[in-house]
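# below is the sequence, then the predicted model.
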Amino acid sequence: MTDTQAEAIARLMAEAGPVLDYRKNPFGLVYEDAITANEPGEVNIHPVTYTLNGLEIAANVYTPAGYDPAGQFPAITVAHPNGGVKEQTAGRYAQRLAQQGYITIAADASYQGASAGQPRSVDKPFHRTDDVHGMADYIARYPGADSERLGALGICGGGGYTLKAAQSDKRFKAIATVSMFNSGLVRRNGLQDSQRDTIQQRLGQASAARAQESAGGEIRYAGDSDLTDEQIADQPFDLYRQGYVYYWKTHACPSSTFKYTMSSLLDLMSFDVTDQIELIDKPLLMIAGSKADTRYMTDEAFPKATGTQDKKLFLIEGARHIETYWVDKYVDAALGELTSFFARTV
């Protein structure tokens, strides 16, 4: 490792703060200020499972202080980032929103995390979008939840899929995203259009992987590898440099992975969350870091959401993509906007 690479990794680790160990939290949570025990009169966490498309989905429900199962509390679904699980930043936002009086749910995507589905790490838009519908199905029937006051929040890839789900699911009275990631756009063109010249080649690889799967062969994966510190330091984008540190070092969970089945690209590369986005006719809040290398996805999606006039784009000054997951001042800024938005709309 060169001195420059070592300095880059040391800087990334210092920026990311202390390492959080999932084994030291009884619920396996790896986010800042996570619940360690359920206490009467406080925000509580409830691990649950439910069935969606024949698969058992693992989720955490957060109930607010003063929760009464006979009450009528507004509810919010929280969809996790690509590669993430419910114990990471989705849980952090869900817990913080529960502190504001909402019943919230963060679920692992089908085929990912602690949810069922084989082969593992399938990452197809239909499933990820239906996961959002499935969270709405479950939380709308949760004791004490007011099914007429349902909001949706998605982070990173979960933000894109939440936008897609909200195009047709009119149970959601308000929709919000943080650091929205348009998965189809990036899988097709690469981050910031860095892979446009290999689209057909990669589609060919995905087609071959599908053929191999259908013939009973080995499942081929993309998007994950055992990168050395040197390779992490040499990644061309903040998203990937900080992402590897967040997911592999400081906020690691054993069920969290960047990998996805290569055959998933057949669906991902022909998908775009902004297709039909004008069908969203409810209040919309989109939040992104001003310095995020993914900001362009929010900038492009926001003006296309012409179906609602009640919409706001909020930039967190100085924040990069992954920093909206864990840097306190950036999370606080996002939650300040989310709190006022959902208080007005849900």
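Received, thanks.

# the strands in the chain, which residues?
44-52, 55-63, 73-79, 103-107, 145-155, 172-178, 221-222, 260-261, 284-289, 311-316 (DSSP state E).

# list the helices and strands the second one packs on?
Just to be clear, that refers to strand 55-63. Counting contacts by 3 or more C-beta pairs under 8 Å, 6 or more residues apart in numbering; DSSP states H and E, strand 55-63 packs against strand 44-52, helix 89-98, strand 103-107, helix 125-140. Bear in mind the C-beta positions are built from the backbone N, C-alpha and C, glycine included.

# and the angle from that strand to strand 73-79?
Note on geometry: by axes from the mean of the first three to the mean of the last three C-alpha atoms, to 10 degrees, strand 55-63 and strand 73-79 are set 130 degrees apart in direction.

# partners of strand 55-63 in the sheet?
Counting by DSSP bridges, the strands paired with strand 55-63 are strand 44-52 (antiparallel), strand 103-107 (antiparallel).

# same list (those strands) but as a markdown table, adding mean pLDDT, distance to H251 and mean neighbour count.
Formatted as a markdown table, these follow (pLDDT from 0 to 100; distance: least, C-beta to C-beta, whole Å; neighbours: other C-beta atoms under 10 Å):
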| stretch | mean pLDDT | distance to H251 | mean neighbour count |
| --- | --- | --- | --- |
| strand 44-52 | 98 | 17 | 16 |
| strand 103-107 | 99 | 14 | 30 |
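
# any chance of those strands in CSV, plus distance to C253?
CSV is the format used below for these (distance: least, C-beta to C-beta, whole Å):
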stretch, distance to C253
strand 44-52, 14
strand 103-107, 13
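
# so which bits of the longest helix along the chain are buried?
Counting by DSSP state H, the longest helix found in the chain is helix 328-345. By 16 or more other C-beta atoms under 10 Å, the buried positions in helix 328-345 come out as 330-331, 333-335, 337-339, 341-342, 345.

# could you do stretch 114-133 as well?
Counting neighbours by 16+ other C-beta under 10 Å, one finds that the buried residues in stretch 114-133 are 114-117, 120-125, 127-133.

# can you check stretch 304-319 too?
Across stretch 304-319, burial judged by 16+ other C-beta under 10 Å covers 305, 308, 311, 314-316, 319.

# which of these sit farthest apart?
Pairwise distances across these (C-beta to C-beta) peak at 24.9 Å, for the pair T308 and A319.

# that older thread, need the buried residues of stretch 304-319 in a markdown table (columns: distance to K170).
Below are the buried residues of stretch 304-319 laid out as a markdown table (distance: C-beta to C-beta, whole Å):
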| residue | distance to K170 |
| --- | --- |
| A305 | 15 |
| T308 | 12 |
| K311 | 17 |
| F314 | 24 |
| L315 | 29 |
| I316 | 29 |
| A319 | 32 |
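
# show me which of those residues is closest to Y221.
Using C-beta to C-beta, these come closest to Y221 at A319, 30.6 Å.

# residues in contact with the spatially closest residue to the closest one that is not a sequence neighbour?
The shortest distance from A319 to any non-neighbouring residue, by C-beta to C-beta, 6 or more residues apart in numbering, is to G289 (3.1 Å). By C-beta atoms under 8 Å, 6 or more residues apart in numbering, the contact list for G289 reads 179, 295, 315-316, 318-321, 323-324, 330.

# bridge partners for G289, pull those for me.
I316.

# for the longest helix of the chain, packing partners?
Using 3+ C-beta pairs under 8 Å, 6+ apart: helix 328-345 touches helix 89-98, strand 145-155, strand 172-178, strand 284-289, strand 311-316, helix 323-326.

# Y50 contacts D131, doesn't it?
No - counting by C-beta atoms under 8 Å, Y50 stays clear of D131, with 11.2 Å between them.

# I'd like the average pLDDT over stretch 245-259.
Average pLDDT, stretch 245-259: 92.

# repeat for stretch 320-331
pLDDT averaged over stretch 320-331 gives 97.

# and for stretch 145-158?
On average, the pLDDT along stretch 145-158 is 98.

# got the buried residues for it?
Within stretch 145-158, the residues scored as buried using 16+ other C-beta under 10 Å are 145, 149-158.

# tell me how far it lies from the chain's centre.
Relative to the centre of its chain, stretch 145-158 is centred 12 Å away, using C-alpha atoms, centre = their mean, to the nearest Å.

# contacts only, for Y247.
Counted by C-beta under 8 Å, 6+ apart, Y247 has contacts 83-84, 88, 256, 258.

# can you tell me which two in the residues you listed are farthest apart?
Spatial extent of those (C-beta to C-beta) is set by the pair Q88 and F258 at 12.9 Å.

# with that, I have no additional questions.
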